[in-house]
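*Asks:* sequence and computational prediction follow.
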Amino acid sequence: MTTALIAEDEALLALALKAELAALWPELEVAATVGDGASAVAQALAQAPAVCFFDIRMPGMSGLEAAQALAEDWPADGAPFPLIVFVTAYDQYALQAFQAQAVDYVVKPVERERLAACVARLKARLAERAPPGDALARSVEQLRALLGPLAGHPRPPSPRLAVIQAQVGATVHMVPIDRVIYFEAADKYVRVITAEREHLIRSSLKELLPQLDPGVFWQVHRGTVVRVDAIASALREESGKVQLSLHGRPEKLSASRLYAHLFRGM
């Protein structure tokens, strides 16, 4: 039995998609239906479905962010990475990005003819499944290529940050950006780490990233951005991840599969 997971925050649309799939693909078992990206990642890791239908716009974590998290956390020696279908109301610009990476997608409202074509492609790809490691590597390459055009679309240009203002009680600490070693997401906050201490700011990495110089700070994980010249060494692991040692800090950071290509050597 081929299993699937549906992540869609609108219950009626989720039921409609499930009903259409039952008609077009009776052998498919929808193992779970969830309404947010975090639950989608948790259920996918727990159940290892063959196919995931991810709504692009969900509360908390978007479908694209959920796919990114899944690719980062998927065990390298586990089941084959799921085929991911994005359910989207995006414009033609975004659809061209999906098409360029041969990623399956359906547009809201989902039309049976379009879904039938998607089902046919999924069946063909499942019949010729690559080894688990190859399937994961292919998905990582596709998601990496999508992150640029889709993750920040649309995003107006932002001025570069020179100083981080971190408030503790009535005191505002002024942290020069060139003192920051890395940023790390922590629930509704971001940890700002310097050589001497750490600060918490009420922000998100998504808000912070456009204000950082991409030549100075690299995103190495969905929850971590590091100053490039603070990286002392990068050690590749068999899982495809990279372990980073830092100047000025004892802890090590993990660069996920999606960002491991940044550390190729010369």
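*Replies:* Okay, I see it.
*Asks:* going forward, measure contacts between C-alpha atoms and count neighbours the same way
*Replies:* Will do.
*Asks:* center of the chain - which residue?
*Replies:* The chain has residue 68 as the residue nearest its centroid, 2.1 Å off, counting by CA atoms, centre = their mean.
*Asks:* quick check, that one in a strand?
*Replies:* No - read with DSSP: H, G, I helix; E, B strand; the rest coil, residue 68 is helix and lies in no strand.
*Asks:* heads up, I number from 458, so please use that
*Replies:* I'll keep to 458 as the first residue from here, and by that count the last item is residue 525.
*Asks:* grab the nearest non-local neighbour of it.
*Replies:* Leaving aside its chain neighbours, residue 525 sits nearest to residue 600 (6.8 Å; criterion: CA to CA, 6 or more residues apart in numbering).
*Asks:* now do the contacts for residue 579.
*Replies:* Neighbour list for residue 579: residue 540 [criterion: CA atoms under 8 Å, 6 or more residues apart in numbering].
*Asks:* apologies, that question was intended for residue 520.
*Replies:* Residue 520 makes contacts with 464, 494, 511, 512, 513, 514, 543, as judged by CA under 8 Å, 6+ apart.
*Asks:* ok so, going back, quick check: which element contains the residue nearest to residue 525?
*Replies:* If you go by DSSP states H and E, residue 600 is part of helix 589-608.
*Asks:* and the next element down the chain from that helix?
*Replies:* Downstream of helix 589-608 (by DSSP H and E), the next one is strand 620-625.
*Asks:* just checking: what are the partner strands of that following strand?
*Replies:* Looking at strand 620-625 with DSSP bridges, its partner strands are strand 628-633 (antiparallel).
*Asks:* what sits up against the strand it pairs with?
*Replies:* So strand 628-633 is in contact with 619, 620, 621, 622, 623, 624, going by CA under 8 Å, 6+ apart.
*Asks:* using CSV, write out every CA atom in it.
*Replies:* What follows is strand 628-633, C-alpha atoms only, in CSV (Å, rounded to 0.1, in the frame of the first residue of the first chain):
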residue,chain,number,x,y,z
THR,A,628,18.6,48.2,29.3
VAL,A,629,19.2,48.1,25.5
HIS,A,630,22.6,46.5,24.6
MET,A,631,24.1,47.8,21.4
VAL,A,632,25.8,44.9,19.7
PRO,A,633,27.9,45.8,16.6
